[in-house]
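Colleague: here you go, sequence then predicted model.
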Amino acid sequence: MTTVNPPPHAFSRRPPRIAIVGGGPGGLFTAWTIEEEAALPVAITIFEATDRLGGKACTPQFSTAAVWYEAGAAELYDYEAVGDDPLRELVRGLGLPTVPLTGSAVHVAGHRIACLDDLEHFHGKDARDRLVAFDTWARSAMTPQEFFESGSDHATAACPTSRFDTALDSIRSPEARGYVETMIHSDLATEPVATTTAYGLQNYLMMDPAYMRLYRIAGGNEQLVTAITTRLAAEVRRTSTVTAICGEDDGRFTVTWRSGDRTDQELFDIVIVALPVAALPGITFRDDHLAAAMQRHLAHHDHPAHYLRVSLLLDGPAPPVPGEDDYLMVDAFGGACLYVESGRDPVARHGVLGWLLGGEAAATMAGLSDDAITAAAIDALPPPLDGCRGRILEARVHRWIGAVSAVPGGWQPLPVAARHRPSPAHANLFVVGDYLYDSTLNGALDSAAYVAGWVTSSLTCAAHDSPPRTRTDSPV
Amino acid sequence: MNPDTRDPAGAGDEMSSAAVPAGLPAAAAIHRRVLASGVALDLLVVPTDRGAGSSDASMTDMTGLLRDWVSATAGAALAVVVPLYDCLVAWAPGRAAIVGPPEHLASLETAIIAFAAQDASLRDAERRGTAILDAIDADVAASTEPESWSREQQRGLTSRYHEAVTIGCRLSLLSSAIHAPPIHPPTLVTQLGERLRDRTRLVERHELATERAALAERVSEASRQRALELSVARQQIGLEWVIVVLLVVQTALLVVDMLASRGAT
């Protein structure tokens, strides 16, 4: 075993060097928060394997027309109805305008159900009563405050880890169950049989404004990472793939990275790995103890869930969606979400429809060609958007396979500190990721804020020659 | 009783003089509903077949027609059109139109009447609050100038103070309905109620009206207090002069009495 905590004064004579591996939202949020909170100068280097920062916050343009679309994360969560919302505050602080997202209609079994009256009309009063009973149970199982605190140690300890499909079994009406499953499937990104009741309930209760609301950033969610990147003092190395990390005897880490044909090594005081869980095996940890710890971390968190985005550019404005909805839930592809991304833009010359497929359907369809996926997506357009089938100018497909984490039944989350520091013996190697929370941009910020708080606290303590405070619980 | 079908506005029926606009289905009819506040609402009910989504051509054509009809009495600026699945609702103060399949019409009517009652109460509070604030300049000026203070002004100020308190109470009673959180899973009644509240900015208007009523109450109370103080002060000054005069008279009488007794000795 190589390392230990660094000497308390280790950083006192020069700015500590921090390597952040990964230029996605988690890495950028971490760099931003450290720079905001550090009481001392720090030298941060961000390694990004591709030439683009932002990861799942991805808002490219079509080639046929200069119209943007969301290729990754479609929405952000607003928790301000319940408590402090760091992401909302960050977005506000960066001066980014936001747009609320609402949706009420679920197209299931050939019927469009937008409210309880519709459910009763098509499937009878029993279906309505069964849904209301499930809803009542779900609220009692997870209050808005518990929902808000999900991910923290005390909240995860209280969450039911039984399989979510067993909870759905309590809905005795198949129609009501189909309504619920269709409504949440794309957010779940996995199947009810493969996740916990707590995770399933989170994805059901998020539809209730008392728990949270949805919004997006006007002009595209990627603006969030762009706004952060332009304000960062950190050195950003694009197309630089970190291949190995090795703990040294003095507590520092040697980071080996490759850019094109060139391979190089550098020493860093602190390393923060901010990669999707599926990318972690790409790094070699050249230290038996550290390698074993990372292997345990990976084994605990590697429960891949999948997304697939299909974006369709129309030859003119999209037809108005009744109810002023921004998205519809459709039972095609096992339950998918269809965003009318141009819906709130009164002067849009081109409509954009964005499919979000999740779970097994996304994994299966990812193996098909773009043309085949596009054809299936166009074919599945529900009313009132089915009239758009002949109006598609361009289609784009983005595969996010294994990009998020499912939470399998029986799975017990680790304490927050253990989630973020896989090897206690390597005190200055941290892990950041949305998969450590709820696989959302909000979760990525929670994770980044936790590690940034830990790092800045350690740096401050080191500068004052006092031992760093041991963190045992999440401050976020 | 199902809360969704309860008539929260205590509305009653009356004959309407408005005519069904041309171009609507033959089954369309107008009912006049008189809300508990006494405000009348002409309600145009247009039954349609289920499945005629609000983006259909017939619904799209109807949108302009209904907007024009509801705007006829209140002006186009106040008209709101809310498209829902299979349904369409147009509203302006005094008039509303609901379009939808027969099984939804009762729910739509319940929601629109409840909303119309809230809006009418709020609109009344806004109007009365504005009237008080319009008089505030004169009240403040009068309350600081005792020479120009008249009994009529004093009565007016007192009545405006009472009015401000009354408006505050009315707004307070309204707040539970206006600030009700969105319901999930939604019903048609709650969906339409929430959409109408959002579109007419009922929450913001209620907050503004509450602030204005509180301001009117504070200012009119302060003016009234100031006026009372000045009035009391004026009375005190008069009383003091009376006392002075009495003391002078008493002193004069004493002097006369002393002189008389001295002459006698």
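Modeller: Everything's here; your move. Numbering: from 1, shown residues only, chains lettered A, B, ... in the order given.
Colleague: beta partners of B:Ile30?
Modeller: B:Leu44 (DSSP bridges).
Colleague: ok, it - contacts?
Modeller: By C-beta atoms under 8 Å, 6 or more residues apart in numbering or on different chains, the contact set of B:Ile30 is B:16, B:18-20, B:42-45. (Glycine included, C-beta is placed from N, CA and C.)
Colleague: can you flag the buried ones in the residues you listed?
Modeller: Burial by neighbour count, 16 or more other C-beta atoms under 10 Å in any protein chain shown: within those this picks out B:16, B:20, B:42-45.
Colleague: reformat these as TSV; add pLDDT.
Modeller: Written out in TSV, the entries for the buried ones among the contacts of B:Ile30 read as follows (pLDDT from 0 to 100):
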residue	pLDDT
B:Ser16	65
B:Val20	83
B:Asp42	92
B:Leu43	94
B:Leu44	94
B:Val45	94
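Colleague: going by distance to chain A, which of these wins?
Modeller: Nearest to chain A among the buried ones among the contacts of B:Ile30, counting by C-beta to the nearest C-beta, is B:Val45 at 17.0 Å.
Colleague: could you list the low-pLDDT ranges of chain A?
Modeller: Along chain A, the parts satisfying pLDDT under 70 run over A:1-13, A:156-158, A:343-344, A:346, A:465-476.
Colleague: what does it have sitting close to chain B?
Modeller: Proximity of chain A to chain B (C-beta under 8 Å from any C-beta of the partner chain) is limited to residues A:104-105, A:112, A:114-118, A:121, A:131-132, A:135, A:207-210, A:319-324, A:383-384.
Colleague: filter the residues you listed down to just the ones in strands.
Modeller: With strands taken from DSSP state E, the overlap with the residues of chain A next to chain B comprises A:Arg112.
Colleague: mark which of the residues of chain A next to chain B are buried, thanks.
Modeller: Neighbour counting over those (16+ other C-beta under 10 Å) leaves A:104-105, A:112, A:114-118, A:121, A:131, A:135, A:207-210, A:319-324, A:383-384 as the buried ones.
Colleague: secondary structure element holding A:Ile245?
Modeller: strand A:241-247 (DSSP states H and E).
Colleague: strands paired with that strand, and their directions?
Modeller: Within its sheet, and counting by DSSP bridges, strand A:241-247 is paired with strand A:253-259 (antiparallel), strand A:284-285 (parallel).
Colleague: buried stuff in that strand?
Modeller: A:241-242, A:244-247.
Colleague: what's the answer for stretch B:206-225, then?
Modeller: By neighbour count with 16+ other C-beta under 10 Å, stretch B:206-225 contains the buried residues B:206, B:209-210, B:212-213, B:216-217, B:219-220, B:223-224.
Colleague: now do stretch A:151-165
Modeller: Of the residues in stretch A:151-165, A:151-153, A:155-156, A:159-161, A:163-165 count as buried by neighbour count, 16+ other C-beta under 10 Å.
Colleague: ok, and what's touching that stretch?
Modeller: Identification of contacts with stretch A:151-165 by C-beta under 8 Å, 6+ apart yields A:141-142, A:146, A:149-150, A:167, A:188, A:191-193, A:195-201, A:409-413, A:415-416, A:436-438, A:443, A:446, A:473-474, A:476.
Colleague: got the end-to-end distance for it?
Modeller: By C-alpha to C-alpha, to the nearest Å, the extent of stretch A:151-165 from end to end equals 21 Å.
Colleague: how far away from the center of its chain is it?
Modeller: 18 Å (C-alpha atoms, centre = their mean, to the nearest Å).
Colleague: pull out the CA atoms of stretch A:456-465 and give them to me as CSV.
Modeller: Taking only C-alpha atoms (Å, rounded to 0.1, in the frame of the first residue of the first chain), the coordinates of stretch A:456-465 have been written out as CSV:
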residue,chain,number,x,y,z
THR,A,456,-11.4,23.1,0.2
SER,A,457,-11.8,22.2,3.8
SER,A,458,-8.7,20.0,3.7
LEU,A,459,-6.7,22.7,1.9
THR,A,460,-7.7,25.3,4.5
CYS,A,461,-6.8,23.0,7.3
ALA,A,462,-3.5,22.1,5.7
ALA,A,463,-2.7,25.8,5.3
HIS,A,464,-3.3,26.3,9.0
ASP,A,465,-1.3,23.2,10.0
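Colleague: returning to what we had before: for the buried residues of strand A:241-247, work out which two are farthest apart.
Modeller: By the measure C-beta to C-beta, the buried residues of strand A:241-247 have their two most distant members at A:Thr241 and A:Gly247, which lie 19.8 Å apart.
Colleague: and the pLDDT at B:Ala40?
Modeller: Model confidence at B:Ala40, given as pLDDT, is 89.
Colleague: so what's it bridging to?
Modeller: Counting by DSSP bridges, the residues bridging with B:Ala40 are B:Val34.
Colleague: before we move on, the earlier item: what is the nearest of the buried residues of stretch A:151-165 to chain B?
Modeller: Minimum distance to chain B across the buried residues of stretch A:151-165 is 18.6 Å, recorded for A:Phe164 (C-beta to the nearest C-beta).
Colleague: I'd say B:Val82 and B:Ala96 touch.
Modeller: No - proximity of B:Val82 to B:Ala96 does not meet the contact threshold set by C-beta atoms under 8 Å, at 10.4 Å.
Colleague: could I get the strands paired with strand A:241-247 as a markdown table with mean neighbour count?
Modeller: Compiled in a markdown table, the strands paired with strand A:241-247 are given as follows (neighbours: other C-beta atoms under 10 Å in any protein chain shown):
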| stretch | mean neighbour count |
| --- | --- |
| strand A:253-259 | 19 |
| strand A:284-285 | 18 |
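Colleague: perfect, I'm done here.
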